[in-house]
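A.B. asks: Sharing a model that was predicted from the sequence below.
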Amino acid sequence: MIPTRTLRFLPVLLLGLSGCQDALDSVSNKVEHPLPAKLVNKMKAQDMSTRSPIMMRIFKEEGVLEVWKQKGNGRYDIIASYDICKWSGDLGPKFKEGDRQAPEGYYRIYPHQMNPNSSYYLSFNMGFPNSYDRAHNRTGSNLMVHGACSSAGCYSMTDEQVLEFYGFARDAFKGGQEYFIVEALPFRMTPENMARHRDSEHFEFWKMLKVGYDHFELTKRPPKVEVCERRYVFNQVPQVENASFQASAACPPASVPSTLAVANAAFEKDWNRNFIEAVARFDNEEARQIAANEAKAEAEARRAEREAEKAARIAANEGQSASVPVLSLFSTGNPLKALAPGTAPAAPPASPAAAAVTVTDQADIEAGQAAPAAASAGIPVPTPNPAVPSQTANAGQAAQPDQSDKPFWKIWSSK
């Protein structure tokens, strides 16, 4: 997967690589290839010699490598800035071989660390582990700044970029510089950035690096870096002649030059005030975000509660509807009297005639069903009297008086 920081520069790289490659193919001696005329003219305009000392700063989060160069007054000014193609790992120092972390700290680059025969076009070794790293038992090897835009614990640039800053280092060594400093930092150590990363496990380590960063911001001169008591110290002047700094030993009596100490105290006062304000601002923003998240969660909980209550009411109503008894409209007494649950309503009472028909029909049905069985058993089955009219035809009519004892003509005449 390509890191997000690389994707930012990918379109530029893709557009530029083919054009750059033609220029690089024409480089017959990349180690001695002169700096572009535009950079030489810029150095002259800023009162810099082509062979004056340099220093470099690397900012991981910003993805930038800066080249600073000494001017005629001894102070340094930025001469070039390059977008880092790739760096591996996360913010924070390198701890052990194989963790694929790009180092953080202060590293001295000597001429022997420059590699003109690099497999990654050109490179220089950062000198990891330095005395601070070794005092903390940190391990790793071959941590480079190189070309080829590929990284596994290194800081990787394009070939065209490394060709330029390799030329800056080459010319500075030719000018007599013993070594140059590379400050490899997680980010620009402003109050805002430090406040934003104040909860990091590396915060105390970064506070230590910040002292050297601040000294450079104040003086525009690379800090003198030493290690004692397993920590970095900057611009310390020993009070005892021939005193030395040993990484794991106690620091010798030393102090920062008074002018730098006064300037640094004023700088720190303003920086700390800005840091506190930044922390308060971030805390307020975090508090607002937390409050917004809590309000949202509370609203969601209320909505879920309302939905649950609604579902419960629906379920209760459905259960009540299923258990409500059917009301009999034909029951005697109170017409709204409910039947027992699950009981079918009683049929309305039949009229005498209808009852008679029902009984007669039922008897005929039963007789018809019984006839075959009776016949088979040898029992005589009564035959319906054909003279008696079927009461089925009179269903639904009023019952007539019994006239079976009257003479036929009287029955006829009465109709």
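C.D. replies: Sure, I can see it.
A.B. asks: A172 contacts P53, doesn't it?
C.D. replies: Yes - with contacts counted by CB atoms under 8 Å, A172 reaches P53, the gap being 5.4 Å. For glycine as for every other residue, the C-beta is placed from the backbone atoms N, C-alpha and C.
A.B. asks: who has more neighbours, these two?
C.D. replies: It is A172, of A172 and P53, that has more neighbours when counted by other CB atoms under 10 Å, with 25 against 22.
A.B. asks: how much space between that one and A80?
C.D. replies: Distance, A172 to A80, by CB to CB, to the nearest Å: 13 Å.
A.B. asks: for R302, same thing?
C.D. replies: 59 Å.
A.B. asks: I'd like to know how many residues surround R302.
C.D. replies: A count of neighbours around R302, defined by other CB under 10 Å, yields 10.
A.B. asks: Can you classify it as helix, strand or coil?
C.D. replies: helix (DSSP: H, G, I helix; E, B strand; the rest coil).
A.B. asks: so what's it up against?
C.D. replies: By CB atoms under 8 Å, 6 or more residues apart in numbering, R302 lies in contact with nothing.
A.B. asks: same check, this time on D171
C.D. replies: Per CB under 8 Å, 6+ apart, neighbours of D171: L35, T50, R51.
A.B. asks: which one of these sits closest to T158?
C.D. replies: Within the contacts of D171, distances to T158 taken as CB to CB reach their minimum at L35, with 16.1 Å.
A.B. asks: Name the helix or strand for the residue lying closest to the closest one once chain neighbours are set aside, please.
C.D. replies: Distances taken as CB to CB, 6 or more residues apart in numbering place G167 nearest to L35, at 4.7 Å, with adjacent residues excluded. According to DSSP states H and E, G167 maps onto helix 159-174.
A.B. asks: Likewise for A266?
C.D. replies: Per DSSP H and E: helix 258-323 holds A266.
A.B. asks: how far away is the residue nearest to L35 from L122?
C.D. replies: 9 Å.
A.B. asks: Who has more neighbours out of these two?
C.D. replies: Between G167 and L122, counted using other CB under 10 Å, the more crowded position is L122 (28 against 20).
A.B. asks: A148 is in contact with that one, correct?
C.D. replies: No - L122 lies out of contact with A148 (CB under 8 Å); the separation is 9.5 Å.
A.B. asks: okay, and the common contacts of those two?
C.D. replies: Listed contacts common to L122 and A148 are D159; contacts here mean CB under 8 Å, 6+ apart.
A.B. asks: Please report phi then psi for C85.
C.D. replies: Note on C85: its backbone torsions stand at phi -70, psi -50 [degrees, to the nearest 10].
A.B. asks: returning to that earlier point: next, show the common contact partners of A172 and P53.
C.D. replies: K69, F180.
A.B. asks: would you list every one of the strands in this structure?
C.D. replies: Using DSSP state E, the strands of the chain run over residues 54-59, 64-70, 76-83, 86-87, 105-109, 114-115, 123-125, 144-146, 155-156, 180-185, 225-228, 231-234, 237-238, 254-255.
A.B. asks: Low-confidence ranges, this protein, go.
C.D. replies: 1-27, 151-153, 286, 320-415 (pLDDT under 70).
A.B. asks: what about the nearest residue to N130 once chain neighbours are set aside, how many neighbours?
C.D. replies: With sequence-adjacent residues excluded and distances taken as CB to CB, 6+ apart, N130 is closest to Y107, at 5.8 Å. Neighbours of Y107 under the rule other CB under 10 Å: 27.
A.B. asks: what does L39 give?
C.D. replies: L39: 19 surrounding residues under other CB under 10 Å.
A.B. asks: these two touch, right, it and V67?
C.D. replies: No - using CB under 8 Å, L39 is not in contact with V67; the gap is 9.5 Å.
A.B. asks: Can you pull the residues that touch both of the two?
C.D. replies: Between them, L39 and V67 share the contacting residues I79, A80, judged by CB under 8 Å, 6+ apart.
A.B. asks: dump the residue contacts of the closest residue to L209 other than its chain neighbours.
C.D. replies: The shortest distance from L209 to any non-neighbouring residue, by CB to CB, 6+ apart, is to L185 (6.1 Å). Counting by CB under 8 Å, 6+ apart, L185 touches R57, I58, F59, K60, E104, W206, L209, Y213.
A.B. asks: Can I get those in a markdown table including neighbour count?
C.D. replies: Below are the contacts of L185 laid out as a markdown table (neighbours: other CB atoms under 10 Å):
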| residue | neighbour count |
| --- | --- |
| R57 | 20 |
| I58 | 24 |
| F59 | 19 |
| K60 | 20 |
| E104 | 22 |
| W206 | 22 |
| L209 | 21 |
| Y213 | 19 |
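A.B. asks: What's the local residue count around the nearest residue to S244 once chain neighbours are set aside?
C.D. replies: Excluding its sequence neighbours, the residue lying closest to S244 (CB to CB, 6+ apart) is P252, at 6.9 Å. Residues within reach of P252, counting by other CB under 10 Å, total 16.
A.B. asks: Correct me if wrong: P252 contacts N242.
C.D. replies: No - P252 lies out of contact with N242 (CB under 8 Å); the separation is 9.6 Å.
A.B. asks: you'd agree N142 is up against M126?
C.D. replies: No - applying CB under 8 Å, one finds N142 not in contact with M126, separated by 9.4 Å.
A.B. asks: So between those two, which is more surrounded?
C.D. replies: Neighbour tally, N142 and M126, criterion other CB under 10 Å: the higher count belongs to M126, 25 against 14.
A.B. asks: is it true that the more buried one touches I109?
C.D. replies: Yes - contact criterion CB under 8 Å: M126 and I109 qualify, at 7.1 Å.
A.B. asks: got any residues that touch both of the two?
C.D. replies: Residues touching both M126 and I109 (CB under 8 Å, 6+ apart) are V182.
A.B. asks: Alright, calling it a day.
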